[in-house]
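J.: here are the coordinates; sequence isn't available:
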Ligand SMILES: Nc1nc2c(ncn2[C@@H]2O[C@H](COP(=O)(O)OP(=O)(O)O)[C@@H](O)[C@H]2O)c(=O)[nH]1
Ligand SMILES: [Mg+2]
């Protein structure tokens, strides 16, 4: 049987990684060998560290998005098939990336259509963010970032409302209808990675259906580039040492402090993610907007030494982002915790220059 490749796009914080995590566990239970691919402009990804706790093999493509590093994307697929014997590969592109149908799906069908089964392009949408967009509000995002979020939906084969546990069944139905009316070229589904609702249905569709990349969006690369460039991008890994520190509390305090700082400076958060690991335990914290969006899962508890990875995408200059993040980490450490930076990248994404771009459906 041909290996199947499933792409899960969607804006920052839509729930892509959570879906990959749960999907990998379900597929593994069903005796499928799973490979997962993460993607970012820079190494040290919280998503990669987190997915390494899921079932399946993980490969990170970093340094560039899939569309600008198409060969990195296909090499990761070939690696997972050759070395991990993967039968189903789920890949998560960068959350601020769009035009995937033209730059990934069409060339992939052309080059590998005979070798692999490509699933319909899934685009996840956070219900709150989408409702804001449909109501003509930008939830504080730069208009060019909203443009990216809309283009992502426009090119989807399947639009999936995520986090349905936050909605009533009536609200889900209402939102489905509005999406269907606005983007009639896609099928609309709804899932919750938290409760598992809708996951089997989505998996059945993406592991069986053949029509992939049936829509192409007309993307203005000037607006797209601007939408990406308004975000400062920071990836950092630090080693932290103290004596019997409560790292769950540290994680929560640090994220709350960052949320406050960004709010004070009116800088909209794309996402801020923090994972702290000690041995086989981890705590992961996520901000996908204001302080109410703070979500924390799992626990490290008390330990002396940990490794912390942080990824922040915030609407501000990267230099300022770095200063704020390092300042808040230093404050959170105080005099009791020593910190050593193991890796730090801070950047503003450059203009997307796709390896391939097809303006027709293969
Ligand atoms: N309530 C709820 N929160 C979710 C769900 N899926 C993801 N999240 C949260 O949304 C945030 C972003 O999730 P993540 O999977 O990292 O999104 P990504 O940026 O698209 O990969 C995290 O705080 C998750 O815990 C869900 O089904 N329900
Ligand atoms: Mg992710």
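T.: Sure thing, it's come through. If you're wondering where the values come from, they're calculated on a predicted model, not measured in any experiment. Ligands and ions are numbered 1, 2, ... in the order given.
J.: and residue 7, what element?
T.: In this assignment (DSSP states H and E), residue 7 forms part of strand 4-10.
J.: Can you give the contact residues for that strand?
T.: 16, 19-20, 77, 87-93, 95, 97-98, 100, 104-105, 108, 116-119, 121-126, 152, 156, 160, 162, 206-207 (CB atoms under 8 Å, 6 or more residues apart in numbering). From N, CA and C alone the C-beta is placed, and that goes for glycine too.
J.: Am I right that residue 79 is in contact with residue 61?
T.: No - the pair residue 79 and residue 61 does not pass the contact test of CB atoms under 8 Å, sitting 10.1 Å apart.
J.: For the residue of the stretch 51-200 of the chain found nearest ligand 2, report the pLDDT, please.
T.: Residue of the stretch 51-200 of the chain nearest ligand 2, by CB to the ion: residue 92 (5.5 Å). In this prediction, residue 92 carries a pLDDT score of 98.
J.: need the contact list for the residue nearest to it when sequence neighbours are not counted.
T.: The spatial neighbour of residue 92 that comes closest, neighbours along the chain excluded (CB to CB, 6 or more residues apart in numbering), is residue 16 at 4.7 Å. Residues near residue 16 by CB under 8 Å, 6+ apart: 8-10, 92, 95, 124.
J.: on that earlier part again, helices - which of the contacts of strand 4-10 land there?
T.: Judged by DSSP state H, the contacts of strand 4-10 include 16, 19-20, 77, 100, 108, 152, 206 as members of helices.
J.: Flag every residue of the protein that's near ligand 2.
T.: Residues of the chain that fall close to ligand 2, judged by CB under 5 Å from the ion: 16-17, 47.
J.: pretty sure residue 154 is touching residue 182, no?
T.: No - taking contacts as CB under 8 Å, residue 154 lies outside contact range of residue 182: 9.3 Å.
J.: Compare neighbour counts for those two and give me the winner.
T.: residue 154 (21 against 15; other CB atoms under 10 Å).
J.: Spatially nearest residue to that one, not counting backbone neighbours?
T.: Closest to residue 154 by CB to CB, 6+ apart is residue 217, at 4.3 Å.
J.: any bit of the helix or strand encompassing residue 286 sitting next to ligand 1?
T.: Element membership for residue 286 (DSSP H and E) is strand 281-287. Yes - Strand 281-287 reaches ligand 1 (CB under 6 Å from any ligand atom) through residue 286.
J.: Pull up the pairing partners for the helix or strand just after that strand, direction included.
T.: Using DSSP H and E, the helix or strand that follows strand 281-287 in sequence is strand 295-298. Looking at strand 295-298 with DSSP bridges, its partner strands are strand 281-287 (antiparallel).
J.: tell me the helices in the stretch 151-300 of the chain, going along the chain?
T.: Here the stretch 151-300 of the chain has its helices, by DSSP state H, counting those that start in this stretch, at 169-182, 199-206, 221-229, 247-264.
J.: Out of the ones you listed, which gets nearest to ligand 1?
T.: helix 199-206 (9.4 Å; CB to the nearest ligand atom).
J.: Quick check: buried residues in that closest one?
T.: 199, 202-203, 205-206 (16 or more other CB atoms under 10 Å).
J.: cool, stretch 154-161 as well?
T.: 154-161.
J.: what does the stretch 51-200 of the chain have sitting close to ligand 1?
T.: 95, 162-163, 165-166, 192-194.
J.: hang on, the earlier thing: dump the residue contacts of the residue nearest to residue 154.
T.: 98-99, 101-102, 151, 154-155.
J.: mind running it again at 7 Å?
T.: Residue 217 makes contact with 98-99, 101, 151, 154-155, according to CB atoms under 7 Å, 6 or more residues apart in numbering.
J.: Make TSV from those residues and add pLDDT to it.
T.: TSV is the format used below for those (pLDDT from 0 to 100):
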residue	pLDDT
98	98
99	98
101	98
151	98
154	98
155	98
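J.: Next up, the contacts around the residue of the stretch 1-150 of the chain found nearest ligand 2.
T.: Of all residues in the stretch 1-150 of the chain, residue 17 sits closest to ligand 2, at 3.4 Å by CB to the ion. Contacts here follow CB under 7 Å, 6+ apart; on that basis residue 17 touches 47, 50-51, 92.
J.: cool, residue 285 as well?
T.: So residue 285 contacts 251-252, 255, 274, 294, 296 (CB under 7 Å, 6+ apart).
J.: Likewise for residue 223?
T.: Residue 223 touches 144, 147, counting by CB under 7 Å, 6+ apart.
J.: now it: how far from residue 237?
T.: 33 Å (CB to CB, to the nearest Å).
J.: Same question for residue 218.
T.: 39 Å.
J.: Neighbour count: these two, which is higher?
T.: Higher neighbour count among residue 218 and residue 237: residue 237, with 21 against 10, using other CB under 10 Å.
J.: Okay, and the beta partners of the more buried one?
T.: residue 309, residue 343.
J.: what about it, distance to ligand 1?
T.: According to CB to the nearest ligand atom, to the nearest Å, residue 237 and ligand 1 sit 18 Å apart.
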